[in-house]
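[1] the amino acid sequence is not available; the structure is as follows:
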């Protein structure tokens, strides 16, 4: 009789059983689910090997050698005008960012005497010239007393510059790294101006060009810088604070005058 059931009859019978509450199909005999064999273990998932990419090696950029850059620029200057332009365009000294003006030189390069100070002060930074404040006024009087004047062209004039062309903040002392950075420019400046005598004003000029400090011991004693005689002297700013030292400064001036003769 079961063979006479159509698809519709079977579907209707299934729906009737669902209406009666049947919710699962059962076999002809009960199944002891506690006695069933354990299912086989699931195969471990296949993990494809991951290729770990090595992080790219970061090569630190080589540190800029500002002294080498300064040396290259200085060696390429064949005149005071090109040296002026090379120094003014030098971007690796932080002092440039805080200064008002670039201070290159004053006086006439035809002079036999070249004075090297330390760095511009407030007045020098404002005017763009070295030694124009109170210390500069004293310096002028000192050299006029032996017949030398920055306003005179020729052998009786003066040519004046500094170790640094930019004013340090709050007039602090120049740092050794700053002096070393600008030293190639100064060496070239001296070579191009070609003075007979250098005058080193104060400790920082002596430290930069002689590699030594101690102006009290060094003043009055002739040294040699780049093949030229050099006289260390008290800085005029020191003389303003210690007028008694003007006696030693006058002795040094007389020694310079005698050397010129």
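    Perfect, thanks for sending it. If you're wondering where the values come from, they're calculated on a predicted model, not measured in any experiment.

[2] which residues does the closest residue to residue 224 other than its chain neighbours bridge with?
    In this structure, residue 224 finds its nearest non-sequential neighbour in residue 230, 6.3 Å apart by Cβ to Cβ, 6 or more residues apart in numbering. In short, each C-beta sits where N, CA and C put it, glycine included. Under the criterion DSSP bridges, residue 230 forms beta bridges with residue 198, residue 223.

[3] run a quick neighbour tally on residue 230.
    23 (other Cβ atoms under 10 Å).

[4] what do you get for the one 10 residues further on?
    A count of nearby residues for residue 240, using other Cβ under 10 Å, gives 15.

[5] same question, residue 245
    Neighbours around residue 245, by other Cβ under 10 Å: 16.

[6] now residue 232: which helix or strand?
    Using DSSP states H and E, residue 232 sits within strand 228-233.

[7] distance between the ends of stretch 213-230?
    Stretch 213-230 has an end-to-end distance of 14 Å (Cα to Cα, to the nearest Å).

[8] what sits against residue 106?
    129, 130, 131, 132, 150, 159, 160, 161 (Cβ atoms under 8 Å, 6 or more residues apart in numbering).

[9] let's see that with 7 Å instead.
    129, 130, 150, 160 (Cβ atoms under 7 Å, 6 or more residues apart in numbering).

[10] picking that back up, ok, the residue nearest to residue 224 to residue 209 distance?
    7 Å (Cβ to Cβ, to the nearest Å).

[11] need the residues touching each of the two.
    Common contacts of residue 230 and residue 209 (Cβ under 7 Å, 6+ apart): residue 200.

[12] hmm, back to that, check contacts around the residue nearest to residue 224.
    198, 200, 209, 223, 224.

[13] so for the last one, what's the pLDDT?
    Going back to what we said before, that points to residue 224. Listed pLDDT for residue 224 reads 97.

[14] any idea how far it is from residue 195?
    13 Å.

[15] those two: which has the busier surroundings?
    Higher neighbour count among residue 224 and residue 195: residue 195, with 20 against 10, using other Cβ under 10 Å.

[16] please consider this matter closed, and thank you.
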